[in-house]
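Colleague: can't give you the sequence, but here's the structure:
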């Protein structure tokens, strides 16, 4: 796993950072650094590590094929174990008790899945795929936002910040509306944002074809605001 933490002071809270399909890339590590600069212990698990340690795939068709192959080796139990281990690393640094997961694309799926099994305070899911219908690329083919999964998030008191573009081919507007309805019906506290004219992967500035700087800055500001609210809410 990759860890970034503030220098000289305990972290405010622990944030698990969920990778895109392409692994713990340089961009994912930069996100961890950005969160550490804001005061958080940011831990990016190597979810693919059992099959291919430290995989860092190219942003192309070859990388996608390999990424889906590696994703197919994962089980829900492994995702839960890796998330719990990352949270433990953050807690060992002596910071605040807040527990959050910020995930991008596949990582958003993994964050929501982890939130159904672990008591997270916040899941920030950025354009999360395969949340409502299976089979997912995970070996455990139960999507995280079944009625039971949404109920588990509500029972844990987990807030969900969702960020997506209206031109997202993985999470189209109709599906985003169903995600909203599912979470609302379960009583999950949500803030779900849809950016007009914006495609999948818009936060990643290492992918110039889909990167949208204005919406990316707004999205990161919302993530940091949600994390700050988490720190305030915790005793």
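Modeller: Now that the structure is in, tell me what you want to look at. For clarity, every value in this text was computed on a predicted model and none was experimentally measured.
Colleague: Can you show me the strands along this protein?
Modeller: 2-4, 13-18, 41-44, 98-104, 122-126, 159-165, 190-195 (DSSP state E).
Colleague: possible to save those as TSV with distance to residue 221 and mean neighbour count?
Modeller: Just so you know, the C-beta spots here come from the backbone N, C-alpha and C atoms, and that holds for glycine as well. Shown next, in TSV, are the strands of the chain (distance: least, CB to CB, whole Å; neighbours: other CB atoms under 10 Å):
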stretch	distance to residue 221	mean neighbour count
strand 2-4	19	18
strand 13-18	15	29
strand 41-44	17	27
strand 98-104	13	27
strand 122-126	12	29
strand 159-165	11	25
strand 190-195	11	16
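Colleague: Would you mind measuring from the residue nearest to residue 9 when sequence neighbours are not counted to residue 108?
Modeller: Once flanking residues are discounted, residue 9 sits nearest to residue 39: 7.5 Å by CB to CB, 6 or more residues apart in numbering. To residue 108, residue 39 is 23 Å away according to CB to CB, to the nearest Å.
Colleague: between those two, which one's more packed in?
Modeller: residue 108 (30 against 19; other CB atoms under 10 Å).
Colleague: isn't the more buried one right up against residue 115?
Modeller: No: contact criterion CB atoms under 8 Å: residue 108 and residue 115 do not qualify, at 10.6 Å.
Colleague: Grab the most central residue of this protein for me.
Modeller: Centroid-nearest residue in the chain: residue 103, 1.4 Å away (criterion: CA atoms, centre = their mean).
Colleague: can you pull the contacts of that one?
Modeller: The contact partners of residue 103, taken as CB atoms under 8 Å, 6 or more residues apart in numbering, are 16-19, 109-112, 123-126, 128.
Colleague: Helices along the chain, start to end?
Modeller: 26-37, 61-71, 76-92, 106-117, 147-156, 173-186, 213-233 (DSSP state H).
Colleague: Am I right that the residue nearest to residue 9 is in contact with residue 8?
Modeller: No: using CB under 8 Å, residue 39 makes no contact with residue 8, being 11.3 Å away.
Colleague: With adjacent residues omitted, what lies nearest to the residue nearest to the centre of the chain?
Modeller: Spatial nearest neighbour of residue 103, excluding adjacent residues (CB to CB, 6+ apart): residue 18 at 2.9 Å.
Colleague: what's the least confident helix or strand in the chain by mean pLDDT in contact with?
Modeller: Between all helices and strands in the chain, the lowest mean by mean pLDDT, DSSP states H and E belongs to helix 213-233, at a mean of 90. For helix 213-233, contacts defined as CB under 8 Å, 6+ apart pick out 12-13, 15, 34-35, 38, 40, 96, 98, 100, 102, 121-122, 124, 126, 159, 161, 163, 165, 191, 193, 195, 198, 202-203, 205.
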